[in-house]
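1. Just need the structure, nothing else, for what follows:
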Amino acid sequence: MIAVITLAHDLDTTHHDLQHRLALASSARPDLRHPRDHYAAIDTFLAVASRHNAAMVDAIAPLVRDLPGGHDLAHDYLATSRSYEEALAQVKARLYGSTYAVARPWPDIWAEVHRELDAVCALERRLAEALLDEDDGTEDLGTRLHHAELVSPTRPHPWIPHQGVAGHLARAVARRVDRFWDAAEGRMVPEPVRHHDRTHQGRLTQYLLADPHLDDEEE
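-> Okay, the predicted model is just below:
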């Protein structure tokens, strides 16, 4: 159970961070003296959101799909995450002047992203709840997600395969391409957030955080 509680804490932290970054991105405005000032907030949100979404698809959704009765929930999540990724792709297209999105008003784009983010966050919480019901305690799922985020694409790729071996390989290729362009453009991508480092916490720290996680021997 502790393994999934860790995942739930990390998801709460990530959702809060995403909502904060989305608020900054959607309110960013260029001006005549600094016509590209809004790029940083928007591009950072895109990187963090894309990376987390891909990691959930790769590392957590398959675990739920394999649960008894988990197939439909995983299917709903994958469909919603793809819609969310399509909305992120619209942000990227609009930001960089794609002819497919340049005529679309920013308020419409941001409203869609807000809706899709709310929907995907709600389903991510349901994934964690489903895993909590079936947890065997053999793996720290928060760490599993964190490691997946470190090697996930940092740009939206809604049209690549998302499931199975094909999806895993497609994300690996996309990540290598994204890493090249991140370096070429000098793009700064923040480290994935964690709820907290659980490996060096004493009893007092656990008490102050209201988050006990004693080892099996201590329990």
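2. by contact count, what packs against the top helix by length along the chain?
-> The longest helix of the chain (DSSP state H) is helix 106-134. Counting contacts by 3 or more CB pairs under 8 Å, 6 or more residues apart in numbering; DSSP states H and E, helix 106-134 is packed against helix 2-27, helix 61-65, helix 71-95. Quick note: C-beta positions are derived from backbone N, CA and C, even for glycine.
3. The second one - what's its average pLDDT?
-> The one in question is helix 61-65. Throughout helix 61-65, pLDDT has a mean value of 96.
4. Please enumerate residues in contact with that helix?
-> Residues outside helix 61-65 that contact it (CB atoms under 8 Å, 6 or more residues apart in numbering) are Gly70, His71, Leu73, Ala74, His75, Tyr77, Leu78, Ser81, Leu127, Ala130, Leu131, Leu141.
5. same deal with the last one?
-> Helix 71-95 is contacted by residues 25, 39, 42-43, 45-46, 49-50, 53, 56-57, 61-62, 64-65, 100-102, 104, 106, 109-110, 112-113, 115-117, 119-120, 123-124, 126-127, 130, 155-158, 162-163 when judged by CB under 8 Å, 6+ apart.
6. Show me the one of the helices and strands packed on helix 106-134 that comes nearest Arg176.
-> Evaluated with CB to CB, the helices and strands packed on helix 106-134 place helix 71-95 nearest to Arg176, the distance being 18.2 Å.
7. check contacts around the residue most central in space within the chain.
-> When CA atoms, centre = their mean is applied to the chain, the residue found nearest the centroid is His52 (2.0 Å). Residues near His52 by CB under 8 Å, 6+ apart: Thr14, Leu18, Glu149, Ser152, Pro192.
8. circling back to that earlier point, tell me which residues of the very next helix or strand once past the longest helix of the chain are tucked away?
-> Sequence-wise, the next helix or strand downstream of helix 106-134 (DSSP states H and E) is helix 141-150. Within helix 141-150, the residues that count as buried by 16 or more other CB atoms under 10 Å are Leu141, Gly142, Thr143, Arg144, Leu145, His146, Ala148, Glu149.
9. Cool, thanks, signing off.
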